[in-house]
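**Student:** Got a predicted structure here, sequence first:
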Amino acid sequence: MIKTLYTNGDSVVWGAELENKQNERFSKLLANEKGWIDCNNASAGVSNDYIYRQTLRDVSHWLETNKCWSEETGWVESDELRVIIGWTSPTRFEWWNGTQYQQERLWAGYDKWGENDKDRTTEDTFVLNQTEIIPSYIRTFNQIISLSAFLDKHNIKHYFFNTFYKYILPNEPQNLIDKYGKPEYQTGLKNIWELLPNEFKLNTMYEYIDFIGEGFLPRKHPTKSAHKEWSNFLIKQFYE
């Protein structure tokens with residue numbers, strides 16, 4: 001029986017800064033442990049919108065054809081699919097420019113992300129509004145609950161974790177967030193939070209790495225040994 005481990009997320013899940021990411025990132029180590037195919041579809045700088053959209057597309061295709069794709073593997077056919085998602089910051093989002101999706105987030109006005117990104121400072125009203133906490137949390141929570149329910153419906157075992165973002169639930173807003181509606185209990189975020197998968201609400205991947213004494217590379221991505229420890233953690237949580 002051929003089995004595929006499908007993973008999605010941002011640069012952390014992709015294995016950014018590793019010398020040999022295809023063999024050193026946690027998804028490969030986890031797949032090797034169980035003799036599975038590592039089908040890693042993570043990409044640097046993406047949003048939860050992207051992760052949700054791509055995962056729903058890819059799993060739907062696998063349900064129809066038993067085939068899954070990644071840049072490293074190409075098309076692979078398997079009898080079983082398991083899914084691991086590393087959710088990124090909720091304040092990232094994507095938008096359609098007329099021909100393709102663009103990934104957007106707030107960029108610092110200094111060389112935080114590297115020389116190639118040093119001039120990417122976004123301060124227009126559209127982006128500032130979209131990255132506010134309330135709409136960002138609502139969008140991400142909806143995506144997590146919806147994708148988890150979809151996978152449960154099709155009996156696909158999955159594990160969702162929060163990569164690095166520290167959630168602090170806001171109070172209900174005083175102003176109306178819809179043109180029409182009631183003035184209280186508008187977001188329901190505290191109740192929705194309780195419905196999220198338990199593993200997502202645990203400590204973040206970064207908090208776990210700090211706790212066990214592992215470190216990070218210059219651009220704040222986990223080291224090779226940190227990926228190894230995270231794979232060991234997931235083996236216990238996801239498989240056992």
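**Tutor:** Sure, I can see it.
**Student:** distance of Val59 from Glu132?
**Tutor:** Val59 is 30 Å from Glu132, where distance means Cβ to Cβ, to the nearest Å. C-beta here means a position set from N, CA and C on the backbone, and glycine is covered the same way.
**Student:** Comparing these two, which shows the higher neighbour count?
**Tutor:** More neighbours surround Val59 than the other of Val59 and Glu132, with 21 against 11 (other Cβ atoms under 10 Å).
**Student:** Who are the contact partners of the more buried one?
**Tutor:** Shown in contact with Val59 (Cβ atoms under 8 Å, 6 or more residues apart in numbering): Tyr6, Leu81, Val83, Phe150, Leu151, His154, Ile156.
**Student:** Does the last one touch Ile85 like I think?
**Tutor:** So that's Ile156. No - assessed by Cβ atoms under 8 Å, Ile156 is found out of contact with Ile85, at 11.7 Å.
**Student:** Quick one: classify Glu72 as helix, strand or coil.
**Tutor:** Classification of Glu72 by DSSP: H, G, I helix; E, B strand; the rest coil places it in coil.
**Student:** Quick check, pLDDT for the closest residue to Ile212 other than its chain neighbours.
**Tutor:** Take Ile212 and drop its neighbours on the chain: the residue closest to it by Cβ to Cβ, 6 or more residues apart in numbering is Glu229, 5.7 Å away. pLDDT, Glu229: 98.
**Student:** Glu229 belongs to a helix?
**Tutor:** Yes - assessed by three-state DSSP, Glu229 belongs to a helix.
**Student:** Name the residues that touch the lengthiest helix in the chain?
**Tutor:** Counting residues, the longest helix in the chain under DSSP state H turns out to be helix 133-153. Helix 133-153 is contacted from outside by 48-49, 51-52, 55-56, 59, 83, 85, 87, 90-91, 93, 129-130, 157-158, 160, 167, 169-170, 173, 177, 187, 189, 192-193, 195-197, 200, using Cβ under 8 Å, 6+ apart.
**Student:** So which of the residues you listed are in helices?
**Tutor:** Among the contacts of helix 133-153, DSSP H puts 48-49, 51-52, 55-56, 59, 129-130, 189, 192-193, 195, 200 in helices.
**Student:** Grab the longest strand from the chain for me.
**Tutor:** Ranked by residue count, the top strand of the chain under DSSP state E comes out as strand 80-87.
**Student:** buried set for that strand?
**Tutor:** Neighbour-count burial for strand 80-87, counted by 16 or more other Cβ atoms under 10 Å, picks out Leu81, Arg82, Val83, Ile84, Ile85, Gly86, Trp87.
**Student:** now those in JSON lines, with pLDDT and distance to Gly213?
**Tutor:** Listed next are the buried residues of strand 80-87 as JSON lines, based on pLDDT from 0 to 100; distance: Cβ to Cβ, whole Å:
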{"residue": "Leu81", "pLDDT": "98", "distance to Gly213": "34"}
{"residue": "Arg82", "pLDDT": "97", "distance to Gly213": "29"}
{"residue": "Val83", "pLDDT": "98", "distance to Gly213": "29"}
{"residue": "Ile84", "pLDDT": "98", "distance to Gly213": "24"}
{"residue": "Ile85", "pLDDT": "98", "distance to Gly213": "26"}
{"residue": "Gly86", "pLDDT": "98", "distance to Gly213": "21"}
{"residue": "Trp87", "pLDDT": "98", "distance to Gly213": "24"}
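**Student:** Phe233: which of those is nearest?
**Tutor:** Closest approach to Phe233 among the buried residues of strand 80-87 (Cβ to Cβ): Ile84, at 11.6 Å.
**Student:** Nearest residue to the middle of this protein?
**Tutor:** The residue lying closest to the centre of the chain (Cα atoms, centre = their mean) is Trp87, at 2.3 Å.
**Student:** Hmm, that one is touching Gly9, no?
**Tutor:** Yes - assessed by Cβ under 8 Å, Trp87 is found in contact with Gly9 at 7.1 Å.
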